[in-house]
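Visitor: Provided below are the primary sequence and the corresponding predicted coordinates.
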Amino acid sequence: MARVHAVVLAAGKGTRMKSRRPKVLHEICGASLLAHVLQTLRQCAFDDVRVVVNPDLREHVEALGVRTVIQEPQNGTGHAVQLALADVPKGDTPVLVVSADMPLVPASLLASVVDAQAKTRTAVALVTARVPLPSFFGRIIRKGGKPARIVEQRDASPDELAIDEVNAGIYCFDQTALRRTIAGLTTDNAQGELYLTDCIEALASKENIESVEAADHRDVMGINNRVELAAARAILQARILEQHMLAGVTIVDPATTYIDAMVTIEPDTVIQPQTHIAGRSSIGRACVIGPATVVTNSSIAETAEVAQSVIKDCVVGAGVTVGPFAHLRGSCVVDQDAHIGNFVEMKNTHMGRGVKASHLSYLGDAEIGEKTNIGAGTITCNYDGKRKHKTKIGKRVFIGSNSSLRAPIEIGDEAMTGAGSVVLHDVPAGERVAGNPAKSLKKKDAAEPA
């Protein structure tokens, strides 16, 4: 049986974001606000999750493998939970309610509020926080030391607005008590909506309820506009960098380093200034990444070095050196100990072990065997104006400077091309070609290519 039924409130339009994109799909540190909340629920092993969405969000959320409940029209948080409860199996399992616009909530806080409800067996346990004033959060009104009701900011009196203990919008309800209470909600308030917070007063009038105070009010900050989005990103980024540093990663200048939430980095790696590591990237042990490097959705193995370069959707092997000013994209695979030098671009290319491409080359849709040397200025001419074609280069091949290889083409093991060659046809293993168009060099005319 599920420990809790989790309900995530994500149907709000987020008009203060001034955006066509739904608020909860705006991103910080590589994931949407909603994705951060869902990840926190997974960390708690709360796997029975329903997300209350507006129709515009349904397809996106279901693509994440999460069950959705449609709220149309949006008539307040109480209405959203009413709809979610209609989809929750009746029983004794508590109901945890969280908001989708709170990406900084730690798993420990969610676990604490669930534990508080379970241990005391109260009708509801809720999270509160002490915040700097003024605040848009609803105020906690206590009687006898216990929460008695929540007053929304728009409905609060001047004295109530002076209270710095606020409602964080996270609740763990006894399911039976919630079903009984939520059915009696009314729209008698400033916004004419069904407030979930009204359930607190109704429950507190008959029985005790519990509260859990957040250790840091920033943990429960909600995102309503782009200013708050930027503030949350800064907080989350600082936490991510701190976790990596405490785990053995050297980050030379945290102020200019950006690492997304899903990135993994092994100990003894050094991240130089002005470096961005994004998406689901992984960095091995004892690498040096940066300065001024962007790595996105890529894997870089141990002891690799990447300087002033861009790598996207690629796999880089152990001991590889990249840069400066290289660009790898489109599912490249670079095997161990290869070298990619300055102003080299690679796209959809597999570079074998120990290959060197040191200067000013474009290698697109290519397969390059181990120990091959790619001379400066070499390009694979992979596009005929309609389609892309593949270039295959064997092992221990020497490609002379400024060679142009017109695909589709295959160059055999240990073949050589002369400097400035325009190679239009396959080159057999061991053969030497030169010229424009490149032709085979007879033994009596053979000379080492420049």
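Guide: Perfect, I can see it now.

Visitor: Give me the local confidence score for the closest residue to R139 other than its chain neighbours.
Guide: In space, and not counting its chain neighbours, R139 is closest to I163: 4.4 Å by CB to CB, 6 or more residues apart in numbering. Just so you know, the C-beta spots here come from the backbone N, C-alpha and C atoms, and that holds for glycine as well. You'll see I163 listed with a pLDDT of 96.

Visitor: Could you tell me how far I163 is located from C332?
Guide: Distance, I163 to C332, using CB to CB, to the nearest Å: 58 Å.

Visitor: now swap in D48 and tell me
Guide: 41 Å.

Visitor: rewinding a little: so I163 and C332 - more neighbours on which side?
Guide: C332 (25 against 19; other CB atoms under 10 Å).

Visitor: ok, that one touching C314?
Guide: Yes. Applying CB atoms under 8 Å, one finds C332 in contact with C314, separated by 4.2 Å.

Visitor: Which neighbours do the two have in common?
Guide: Counting by CB atoms under 8 Å, 6 or more residues apart in numbering, the contacts common to C332 and C314 are M346.

Visitor: residue ranges of the strands in the stretch 151-300 of the chain, please?
Guide: Using DSSP state E, counting those that start in this stretch, the strands of the stretch 151-300 of the chain run over 165-173, 210-213, 250-251, 257-259, 264-265, 270-271, 275-278, 282-283, 288-289, 294-296, 299-300.

Visitor: send the alpha carbons of the longest one over as PDB?
Guide: This file holds the C-alpha atoms of strand 165-173, laid out as PDB (Å, rounded to 0.1, in the frame of the first residue of the first chain):
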ATOM      1  CA  GLU A 165       4.500  32.800  10.400                       C
ATOM      2  CA  VAL A 166       3.000  31.700   7.100                       C
ATOM      3  CA  ASN A 167       1.400  28.800   5.400                       C
ATOM      4  CA  ALA A 168       3.800  27.000   3.100                       C
ATOM      5  CA  GLY A 169       1.100  25.200   1.100                       C
ATOM      6  CA  ILE A 170       2.200  21.700   2.000                       C
ATOM      7  CA  TYR A 171      -0.300  19.500   3.900                       C
ATOM      8  CA  CYS A 172      -0.600  15.900   4.900                       C
ATOM      9  CA  PHE A 173      -4.300  15.100   5.600                       C
END
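
Visitor: longest helix anywhere in the chain?
Guide: helix 226-246 (DSSP state H).

Visitor: Just the CA atoms of that one, as PDB, please.
Guide: Extracted in PDB, the C-alpha atoms of helix 226-246 (Å, rounded to 0.1, in the frame of the first residue of the first chain):
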ATOM      1  CA  ARG A 226      10.500  35.900 -13.400                       C
ATOM      2  CA  VAL A 227      12.200  37.800 -10.600                       C
ATOM      3  CA  GLU A 228      11.400  35.000  -8.200                       C
ATOM      4  CA  LEU A 229      12.400  32.400 -10.800                       C
ATOM      5  CA  ALA A 230      15.800  34.000 -11.000                       C
ATOM      6  CA  ALA A 231      16.100  34.100  -7.200                       C
ATOM      7  CA  ALA A 232      15.200  30.400  -6.900                       C
ATOM      8  CA  ARG A 233      17.700  29.500  -9.600                       C
ATOM      9  CA  ALA A 234      20.500  31.200  -7.700                       C
ATOM     10  CA  ILE A 235      19.600  29.400  -4.500                       C
ATOM     11  CA  LEU A 236      19.300  26.000  -6.100                       C
ATOM     12  CA  GLN A 237      22.500  26.600  -8.100                       C
ATOM     13  CA  ALA A 238      24.500  27.400  -4.900                       C
ATOM     14  CA  ARG A 239      23.200  24.200  -3.300                       C
ATOM     15  CA  ILE A 240      24.100  22.100  -6.300                       C
ATOM     16  CA  LEU A 241      27.700  23.500  -6.400                       C
ATOM     17  CA  GLU A 242      28.100  23.000  -2.700                       C
ATOM     18  CA  GLN A 243      27.000  19.300  -3.000                       C
ATOM     19  CA  HIS A 244      29.600  18.700  -5.700                       C
ATOM     20  CA  MET A 245      32.400  20.500  -3.800                       C
ATOM     21  CA  LEU A 246      31.600  18.500  -0.600                       C
END
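
Visitor: Which residues does it contact?
Guide: For helix 226-246, using CB under 8 Å, 6+ apart, the contacting residues are 17-18, 26, 28-29, 36, 103-104, 218, 221-223, 251, 254, 257-261, 263, 265, 271.

Visitor: Which among these count as buried?
Guide: The neighbour count (16 or more other CB atoms under 10 Å) marks 17, 26, 28-29, 36, 103-104, 221-223, 251, 254, 257-261, 263, 265, 271 as buried among those.

Visitor: Report the contact partners of the nearest residue to C199 once chain neighbours are set aside.
Guide: Spatial nearest neighbour of C199, chain neighbours left out: T181 (4.6 Å); criterion: CB to CB, 6+ apart. By CB under 8 Å, 6+ apart, the contact list for T181 reads A123, C199, A202, L203.

Visitor: tell me which element the closest residue in space to S205 that isn't next to it in sequence falls in.
Guide: Once flanking residues are discounted, S205 sits nearest to A148: 8.0 Å by CB to CB, 6+ apart. Following DSSP states H and E, one finds A148 within strand 146-151.

Visitor: same question, A84
Guide: helix 77-87.

Visitor: Next secondary structure element downstream of that helix?
Guide: strand 95-99.

Visitor: Tell me which other helices or strands the strand holding A148 touches.
Guide: In terms of contacts (3 or more CB pairs under 8 Å, 6 or more residues apart in numbering; DSSP states H and E), strand 146-151 is packed against strand 139-143, helix 198-204.

Visitor: contacts for the first one?
Guide: What that stands for is strand 139-143. Strand 139-143 is contacted from outside by 128, 147-151, 153, 156, 160-161, 163, 165-167, 204, 211, using CB under 8 Å, 6+ apart.

Visitor: Tell me the buried residues within those.
Guide: The neighbour count (16+ other CB under 10 Å) marks 128, 147, 149-151, 153, 156, 163, 165-167, 204, 211 as buried among those.

Visitor: Sweet, I'm off.
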